[in-house]
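Visitor: would you be able to build a 3D model of this:
(2 chains)
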2 protein chains.
Amino acid sequence: DSGAFAQVRRMINRGLPPQDVAHLLESSPPKERDLLWQMIDPELQGDVLQYLSDDIQMIYLKRMNPEEFLTATEGLETDDIADLLQQLPDTIIQEVLVSMDAQDRHRVEAVLSYPEDTAGGLMNTDTITIRADITIDVVMRYLRRHQSLPESTDSLLVVSRKDHFIGVLPITRMLVSDPNITVREVMDTDCIVIKADMPDSEVANLFEKFDLISAPVVDDDDTLLGRITIDDVVDVIREDADHSLMSMAGLDEDEDTFSPVLLTARRRAVWLGINLLTAFLASAVIGIFDETIEKVVALAVLMPIVASMGGIAGSQTLTVVIRGMALGHISSSNTPWLLNRELIVGVINGTLWAVVVAGVAVLWFNDLTLGFIIGAAIVINLIVAVLAGAALPLILKWMKIDPALAGSVLLTTVTDVIGFMAFLGLATVFYLS
Amino acid sequence: DSGAFAQVRRMINRGLPPQDVAHLLESSPPKERDLLWQMIDPELQGDVLQYLSDDIQMIYLKRMNPEEFLTATEGLETDDIADLLQQLPDTIIQEVLVSMDAQDRHRVEAVLSYPEDTAGGLMNTDTITIRADITIDVVMRYLRRHQSLPESTDSLLVVSRKDHFIGVLPITRMLVSDPNITVREVMDTDCIVIKADMPDSEVANLFEKFDLISAPVVDDDDTLLGRITIDDVVDVIREDADHSLMSMAGLDEDEDTFSPVLLTARRRAVWLGINLLTAFLASAVIGIFDETIEKVVALAVLMPIVASMGGIAGSQTLTVVIRGMALGHISSSNTPWLLNRELIVGVINGTLWAVVVAGVAVLWFNDLTLGFIIGAAIVINLIVAVLAGAALPLILKWMKIDPALAGSVLLTTVTDVIGFMAFLGLATVFYLS
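Guide: Take a look at the predicted model:
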C-alpha cells in the first residue's frame, strides 16, 4: 500500500523528532529497521544516527561513502561528528576529513586526537569565550550579535589572550550583575576544570557529584580546548551503569536488543563455551568421588543444593562490590572491613541455612550423618563464596581485568568446585572409611 | 590525637564540598561513618544528607528531632527537603511542616502531595515566571533585581495571569534577541511539558532523549506547579540502571556498600531462602531418578553441565530482555520476532554445544548412549532456557511483578528442573528399559 508507505515516510522526515525516529529504529527487528532507514531523507540521517546505539550506528555507517557521510552529518556538533567518525576505518576517516572545510576539519581533528572514552573525546569545541577585562554590558552586546548560542550554554568561558583558561562566567550570574562591572569581578575561578585525558567515567562522577551542566576542558598547559555538556555525560552514565549488568551475563553494553540471529548466536556461543569449561571442571570434581556417590546416591540428589547456595551468596557479594567499585566507594583502606563483614555474614547465613538444609536432609533420607555432612559443606561453601565474591573483583581490577565480565564465571568456578569438593569429600571420609 | 581530630573537623566543615563529605561517609564503615557524621556542623548536615543514598540518609534522619531537621535543612531546595522528609514517619513530617514558615510549608506540601517516584515528587517549586506581553528588556531588568537565580535555570517559564503555563523562554535565546520585542515573539510554545503524575523513569527518558536541562511541571489544568532539573533526573537514571543490576542478585538499589553485619545478613538470608526452595525442587527432580543414577553414576557426574548451560543461556536472554524493556524497546508488536530469534539462537547454540559435550562424554565414559542422552538434554534445555528467558520478564511485567527481581530465581527453577528432568528422564528410558 503506497499510501501508507508515503505516510510513514512523511512522519519520519517531518513529523517525528530524530530522537523518536532513532528509538523507533532501535525498537524494530532488522528487516523493518532497514526499511525505515531507507525512508529517512539523506540529510536527516546524521541527526538520527547520533541517537542510535553504537551497534546499530555501525550497521548504517558502514554502508555510507564519505560523501554520504558528509551530507548526513552536516549541521551536527563537532563532538557528535567525531563520535560517528570514530567508528569508521582510518582510511575512511581521512577521506571524510579531507572533504571538510578547514575550520570543521580542525575542530573534528582536535576531538579525534583523544581516545573516545576520555574527556577530550567527549568534548565539544564550539565554545563562547570572553576576556576578563571587559564589562558585562559589552559581553551582552557581544552575545546579541550571535544568531544563536551553542546548546547547553550555561556559562561563558573566560580566557587570556593566549587562550589560557581563566574562569567561567555563569549566565545566571551575569544576568543578576551590574552591567558596568567587569567580567573579572563576577567570574568564577574556583570552578571544576577537566583535563582532556581524564577518563569519561571520572568526568561522569564529577558532573553527577557537582550537578554540572557544562564544564571546560583544558590541556596540560591550561589552554582551553572545548567544553563537555551534561547531555553527553548522561549517555556515559547510562553506558557505565549498563556495562555492569550486561557484562555479568557476558554481554556487551552496546548490544542491540534486536540484533540478528547469527550475530546473536555467535556472540553468546563464546560465553557459553567459557562457562562450559567451568562446568566440566565441576564435573571432574564430582568424577573423583564417583565411588562414594555409587554407594550413597542421596549425595547426587543433594549436591546441587550446596553448589547453588554458594553461587547465590557469592554473587550477592560480587554485585555489591562491583557496584561499590563503580561508585568509587571501595579503596584499600576500607577493604579489610568489607572482607571481615562478608566473612561474618557468610558464617551467620551459612550456619542458619546449614541447619535448615541439614534438618530437611535428615528427615528426607533418615540419615543423621548425611545431615551433618551437608550442613558442614554449606557452611564451608558459603564462607568461601562470600570471601571470593568480595576478593575476586578487587584482584581482577588490580590485574586490569574487567571484574563485571570475568567475576561471575570465576566465582561460579570457585563455588562449584569448593561446594562439590567439600560435600563429596566429607561424605567420602564418613561413608567410605 | 585531638590535633588530628580538629583538623578532620575543619576539613569536613570548611574544606570539602558537601558532595565530597557525603562520598566520604558512603565510603566509610559504620563506626567511622558515625564518628565523621558527629563532626559535621548541625547547619551543614542537611547539605550533606541530600547527597547520601537513601539507606544512609535513613540512619541519620531517624536520629533527628523536628527542630534538628529544620536547622539541618535550612537553605535546601524544596524538592530536596521533600525528598528527605518523605523518608520520615507521618507524625514527624507533620511536626516539621508545622514548624516551617508558611511559604516553605506550602511549597514542600505541594511536592509531598505527589508520590516520590513521579514528576511531582521530583520537581522543584522555585521557578522564575514571566508574562508573555512584556519586552525582553523588561525581563532583563526584572532578573537584575534578583540576588541570584535558582540553580540550573536555563529558561524562564511564561505563564498567564492565572498561572497557566504558556511556554518557555530559553535564556540563551533571550540573550541573542532584540531587547525591544516581547516575550511572546521569541518564546517556545512547542516545548516538552511534564504532567505531575508522570512516573519518574518516563521523565528520565524524556530528558535523555531530548537533552533537556530543565522542564516545566503542570497539573491536569496546565497550571504551572514547578520544574524538574537535570541533576535530579541524573539520580533517577543512575537508580533505574542500578535497579536491574542489584535486583537480579536480590539486592536493593539503595543498599549501602558498608551496611552493618546484621542488616546485611538478614537481607541476604531472605534471598538465600527463596533460592533454597528452587534448589530443593531441583533435588526432588533428581530424587525421582535415584535408581537410574545408582546404575549409571556417570549421570551424577555430568548432570550439573546440563543445568548450568541452560542457566547461562537463559540468563543472557533474560538480561537482554530486561534491559530492552527498561529502554522501552520491547512492545507487543516486536515480541513475536524476539521470541522467534531466541528460539533459533537456542537451537543453533544448543546443537553446537550439545555436539561438543556429547563428544567429551563419549570419550570420557566410553559410552555412545550417554553422549546421545546428554546432547539431546542440552538441546532441549537450551531451547527452553532462551524461551523462558525471553518470556518470563514479559509475563512478570504483565502480572506487575518486578522482572529483574523475580526473573532470575524463576529462570533457574525452569532450567534446573527441565535440565535434570530431560537428562535423567532420557537416561531412565535408555538404561532402565
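Visitor: count the neighbours of residue A:221 for me.
Guide: By the criterion of other Cβ atoms under 10 Å in any protein chain shown, residue A:221 has 9 neighbours. All C-beta spots, glycine's among them, are computed from the backbone N, C-alpha and C.
Visitor: phi first, then psi, for residue A:28.
Guide: Per-residue torsions, residue A:28: phi -110, psi 140 (degrees, to the nearest 10).
Visitor: check contacts around it.
Guide: A:36, A:258, B:334 (Cβ atoms under 8 Å, 6 or more residues apart in numbering or on different chains).
Visitor: repeat that with 10 Å
Guide: Taking Cβ atoms under 10 Å, 6 or more residues apart in numbering or on different chains as the criterion, residue A:28 is in contact with A:34, A:35, A:36, A:37, A:56, A:257, A:258, B:329, B:333, B:334, B:337.
Visitor: read off the pLDDT value for it.
Guide: Turning to residue A:28, the model gives it a pLDDT of 92.
Visitor: rewinding a little: show me which of the contacts of residue A:28 are buried.
Guide: Buried subset of the contacts of residue A:28 (neighbour count, 16 or more other Cβ atoms under 10 Å in any protein chain shown): A:36, A:37, A:56, A:257, A:258, B:329, B:334.
Visitor: for the residues you listed, give me TSV that also has distance to residue A:275.
Guide: Listed next are those as TSV, based on distance: Cβ to Cβ, whole Å:
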residue	distance to residue A:275
A:36	36
A:37	35
A:56	27
A:257	22
A:258	24
B:329	26
B:334	28
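Visitor: for residue A:316, state which of these is nearest.
Guide: Closest approach between the buried ones among the contacts of residue A:28 and residue A:316, by Cβ to Cβ: residue A:257, at 27.1 Å.
Visitor: okay, now residue A:42: neighbour count?
Guide: If you count neighbours by other Cβ under 10 Å, residue A:42 ends up with 11.
Visitor: that one and residue A:68 touch, don't they?
Guide: Yes: contact criterion Cβ atoms under 10 Å: residue A:42 and residue A:68 qualify, at 6.6 Å.
Visitor: how close does the residue nearest to residue A:146 when sequence neighbours are not counted sit to residue B:319?
Guide: In this structure, residue A:146 finds its nearest non-sequential neighbour in residue B:176, 5.0 Å apart by Cβ to Cβ, 6 or more residues apart in numbering or on different chains. Residue B:176 is 47 Å from residue B:319, where distance means Cβ to Cβ, to the nearest Å.
Visitor: more neighbours: which of these two?
Guide: Using other Cβ under 10 Å, the more surrounded residue of residue B:176 and residue B:319 is residue B:319, with 26 against 15.
Visitor: nearest spatial neighbour of that one, chain-adjacent residues omitted?
Guide: Residue B:319 sits nearest to residue A:249 (Cβ to Cβ, 6+ apart), 4.0 Å away.
Visitor: and the one you found, how many neighbours?
Guide: The number of residues near residue A:249, taken as other Cβ under 10 Å, comes to 24.
Visitor: for it, phi and psi?
Guide: Geometry field for residue A:249 lists phi and psi as phi -100, psi 20, criterion degrees, to the nearest 10.
Visitor: surely it touches residue B:318?
Guide: Yes: using Cβ under 10 Å, residue A:249 is in contact with residue B:318, at 7.7 Å.
Visitor: between these two, which contacts overlap?
Guide: Common contacts of residue A:249 and residue B:318, defined by Cβ under 10 Å, 6+ apart, comprise B:248, B:389.
Visitor: for the record, mean pLDDT for stretch A:190-202?
Guide: Model confidence over stretch A:190-202, given as mean pLDDT, is 94.
Visitor: first vs last residue of it, how far apart are they?
Guide: This stretch, stretch A:190-202, spans 19 Å end to end (Cα to Cα, to the nearest Å).
Visitor: so which bits of that stretch are buried?
Guide: By neighbour count on 16+ other Cβ under 10 Å, the buried set for stretch A:190-202 is A:191, A:194, A:195, A:196, A:198, A:200.
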